[in-house]
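Chemist: Build me a structure from this.
(one chain, ligands or ions: 3)
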Amino acid sequence: MKFIIGKENIKKVKADALVLGMLKGEGLSGDLKEMDKALGGELKTLVESEKFEGEEGKAVLLGSTFGRAGVKRVLVVGLGAKRGFGRAALRKAGIVSAKRLRKSSASIAFGPRFSNKPGYVKALSEGLYLGAYEFNKYKTNGEGGSRLSGIILSSDGLTEKRLATETGLARAVGESTNLVRDLVNEPPVYMTPTRLAEIAAGIAEEGGLKCEIFGPEEIDRRGMRGIQAVTSGSDQEPRFIHLTYEPSKKPAKTIAIVGKGITFDSGGLCIKPADSMRTMKMDMAGAAAVLGVMKALPALKPRVRVHGLVASCENMTGPGAYKPDDVIRAYNGKTIEVINTDAEGRIVLSDALSYAAELKAAEIVDMATLTGACIVGLGLYTAGLMSNDAKLAGKILEASREAGEKIWELPLDDELRAEIKSDVADIKNAGSRWGGAITAAMFLENFVGETPWAHIDLAGPAYAEREGEFYPKGGTGFGVRTMLDYRLGL
Ligand code: BES
Ligand code: MN
Ligand code: ZN
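Modeler: Ligands and ions are numbered 1, 2, ... in the order given. Predicted coordinates:
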């Protein structure tokens, strides 16, 4: 996507479309009023007939200016209430603009309101990248990628340098998020652990990251028996991925982010019913989010060393499949009794988290589509956060608000720990239904040692069965922006 600064007046600028923002209840004032006058009252008629009041996420399109302005069409987007107006509203306006105009327009001009404070252009253009996203490569007549380009009309001192910096950051965040969406949307026959690892290697190559990938022999040699158990019913090879971002200056600290990368979850021998199995290609969304963060880091250049870890395999029912009643010794030596082969995510994460704990990171954060129980508790649109460290949890919650991703904390509960106590091993992989998201987290807690750790269960928001106002159908890219904000204060 290309961005340029436009110095023309909104009536003169030449573009396929002009976007103007309206605060809730503000009516037609300022630029809107000026444009309405030039168009002989057409905007007023449109806004009134659509009963449009500037609500966030809404927009009305004037399909033609009939030559009365330099642009062909005018989109009025809602910016929500004046109180609280800022970057989040601008990002949403960007998403809505791209969604409405991506098919019919190439060049879009944005009124001065979108650029008159530092950070505004970044938020707006981030939204444009996100809103332009489409996944149609498997449609025979699918269209090519978006042709959108932005003209940022600026009356104040927006410089070329600031434009380049802000749109550059937005591009890193937007393109990484869109990569995560692609990875999740790809069918499972294509997005295997091997392919995921190839993509990770490509990200490392491009961004100058350190990259280690373990195949079945290395996983065996290192004693990652959790991954070995879960992969045993599949004819696809497992992969353990370790990328490292090293800042150019001495790092202020080291963190590890860990993702669940089950490229298809059939449930294993405790097989899922058909309706629950559909969409289980998305069970690698945590891993995809980790790769998305790693892809963005070289452009954002934080002074933090970041380890990105992914445990990836399929959960299938082949002849070698692991079974209920099996006992597995995880990477850190703890033994796990298998109660349910469909609680496989926590088993592969037991290896990945204990590997992360060895890296002497100051903080470990994992992202996993771990439990249906989390969806029962919080609904489809909010991720659960569980942590052994209140300070770390607070930082992530704050970042999620900035990022516009909904995350809510659930407690770890000592009394619930009894649910995963095993008679034959150190711990068992499933308890009763009650508090299922929490007992899953408390299972994971066994593998992080003393390290401050937080677990994000994104089973709900990682994948959308229907398109939302601010995210596409399918993979949403959830988690990338929160993790980047938490790390970088962007
Ligand atoms: N991948 C699923 C969780 C999931 C469910 C993600 C729905 C996204 C949407 C996970 O591996 C799983 O099957 N969890 C079981 C655990 C149970 C067997 C203890 C669940 O939630 O039912
Ligand atoms: Mn499962
Ligand atoms: Zn799963």
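Chemist: quick one, domains of the protein?
Modeler: 2-148, 174-488 (automatic domain parsing).
Chemist: Can you give me the first-to-last residue distance of the shortest one?
Modeler: The straight-line separation of the ends of domain 2-148 (CA to CA, to the nearest Å) is 8 Å.
Chemist: residues near the closest residue to ligand 3 within the stretch 51-200 of the chain, how many?
Modeler: Residue nearest to ligand 3 within the stretch 51-200 of the chain: Pro188 (12.4 Å; CB to the ion). (Each C-beta comes from the backbone N, C-alpha and C, glycine too.) Counted with other CB atoms under 10 Å, residues neighbouring Pro188 total 18.
Chemist: Next: Gly40.
Modeler: A count of nearby residues for Gly40, using other CB under 10 Å, gives 12.
Chemist: In three-state terms, how would it be classified?
Modeler: Look at Gly40: counting by DSSP: H, G, I helix; E, B strand; the rest coil, its state is coil.
Chemist: Contact partners for it?
Modeler: Arg68 (CB atoms under 8 Å, 6 or more residues apart in numbering).
Chemist: Would you mind measuring from it to ligand 3?
Modeler: Here the criterion is CB to the ion, to the nearest Å. By it, Gly40 lies 58 Å from ligand 3.
Chemist: again with Met35
Modeler: From Met35 over to ligand 3 (counting by CB to the ion), the distance is 51 Å.
Chemist: One more: Ala357?
Modeler: 22 Å.
Chemist: give me every residue that touches the closest residue to that residue other than its chain neighbours.
Modeler: Once flanking residues are discounted, Ala357 sits nearest to Gly449: 4.4 Å by CB to CB, 6 or more residues apart in numbering. By CB under 8 Å, 6+ apart, Gly449 lies in contact with 332, 354, 357.
Chemist: most packed of the domains of the chain?
Modeler: Of all the domains of the chain, domain 174-488 has the most neighbours on average by mean count of other CB atoms under 10 Å, namely a mean of 21.
Chemist: Ends of that domain, what's the gap?
Modeler: 16 Å.
Chemist: what's the average pLDDT for that domain?
Modeler: Averaged over domain 174-488, pLDDT sits at 97.
Chemist: sorry, back to before: the residue nearest to Ala357 is in what secondary structure piece?
Modeler: Assignment of secondary structure by DSSP states H and E places Gly449 within no helix or strand.
Chemist: next one: phi and psi at it?
Modeler: Main-chain torsions, Gly449, degrees, to the nearest 10: phi 60, psi -130.
Chemist: Just the contacts of Gly449: which are in helices?
Modeler: 354, 357 (DSSP state H).
Chemist: can you tell me which of the contacts of Gly449 lies nearest to Ile347?
Modeler: Distance to Ile347, by CB to CB, is smallest for Ser354 among the contacts of Gly449, at 11.9 Å.
Chemist: Name all residues that make contact with that closest one.
Modeler: Each residue near Ser354 by CB under 8 Å, 6+ apart is listed here: 330-332, 334, 447-449.
Chemist: The residue of the stretch 51-200 of the chain closest to ligand 3 contacts Thr263, correct?
Modeler: Yes. With contact defined as CB atoms under 8 Å, Pro188 and Thr263 form a contacting pair (5.6 Å).
Chemist: Name the residues contacting each of the two.
Modeler: 281, 314.
Chemist: roughly how far apart are Ala343 and ligand 3?
Modeler: Distance from Ala343 to ligand 3, by CB to the ion: 8 Å.
Chemist: residue contacts, that residue?
Modeler: Contact partners of Ala343, counting by CB under 8 Å, 6+ apart, are 429-430, 440.
Chemist: Which one of those residues is nearest to ligand 1?
Modeler: Nearest to ligand 1 among the contacts of Ala343: Ala430, at 3.9 Å, using CB to the nearest ligand atom.
Chemist: Surely that closest one forms part of a helix?
Modeler: No. Per three-state DSSP, Ala430 lies outside any helix segment and is coil.
Chemist: pLDDT score for Glu160?
Modeler: As summarised for this prediction, Glu160 has a pLDDT of 94.
Chemist: surely it meets Phe3?
Modeler: No. In this structure, Glu160 is not within contact of Phe3 by CB under 8 Å, at 10.1 Å.
Chemist: what's near enough to touch Ala88?
Modeler: With CB under 8 Å, 6+ apart, Ala88 has these contacts: 123, 402, 404.
Chemist: Ligand 3 next: which of these are close?
Modeler: By CB under 5 Å from the ion, no member of those lies near ligand 3.
Chemist: dump the residue contacts of Lys323.
Modeler: 269, 338, 341 are the contacts of Lys323 under CB under 8 Å, 6+ apart.
Chemist: Okay, the last one and ligand 1: tell me how far apart.
Modeler: By that I understand Thr341. 8 Å (CB to the nearest ligand atom, to the nearest Å).
Chemist: Nearest residue to that residue in space, please, no chain neighbours.
Modeler: Nearest one to Thr341, counting by CB to CB, 6+ apart, is Gly268 at 3.2 Å.
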